[in-house]
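1. Requesting a structural model of the entry that follows:
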Amino acid sequence: MSTWAKEFRDFINRGNVIDLAVAVVIGAAFGAVVTSFVNDILMQIIAMITGNPDFSDLTIDIGDGQIFYGRFLNAVISFLGIALGVFLVVKAYNRFKRDQGEDPAGPSQIELLTEIRDALVARRDQP
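-> Okay, the predicted model is just below:
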């Protein structure tokens, strides 16, 4: 077997690749849910307030050009909806982990480095 094929096989056999693939698929499905939330619920609430669920046609004419600030508003609203959705999922996940007795954050880098330093000092002091 060639070196390239062996490296590729080793790469694929890592657990991280499978985890990443699952995360991409779940992320795509979650993206569809969030997009539907933004377009079908959030923008409809905005439409009840402003009378228009889509701001794409809002422009400012400057000379021969146009500034499409409505498209920017749509993008900002979509971003905020996606950010809210991700925030709520992460918050629920952290609550679930905390309820299971696990610390979702884990030890900080400083705590880990302190433990390593202390272990090295203890090892050096042993006869």
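
2. Tell me, how many residues neighbour residue 38?
-> Number of residues near residue 38 (other C-beta atoms under 10 Å) recorded here: 21. To be clear about C-beta, it is placed using only N, CA and C from the backbone, and glycine gets the same treatment.

3. check contacts around it.
-> By C-beta atoms under 8 Å, 6 or more residues apart in numbering, the contact list for residue 38 reads 77, 78, 81, 82.

4. burial count for residue 34?
-> 19.

5. What of residue 52?
-> Around residue 52 there are 13 residues (other C-beta under 10 Å).

6. what's the distance between it and residue 37?
-> From residue 52 across to residue 37, the span is 19 Å (C-beta to C-beta, to the nearest Å).

7. repeat for residue 116
-> The gap separating residue 116 from residue 37 is 44 Å, by C-beta to C-beta.

8. Please say which of those two ends up with more neighbours.
-> More crowded of residue 116 and residue 37, by other C-beta under 10 Å: residue 37, with 15 against 10.

9. Contact partners for the nearest residue to the more buried one once chain neighbours are set aside?
-> Nearest residue to residue 37, sequence neighbours excluded (C-beta to C-beta, 6 or more residues apart in numbering): residue 81, at 6.1 Å. Shown in contact with residue 81 (C-beta under 8 Å, 6+ apart): 34, 37, 38, 42.
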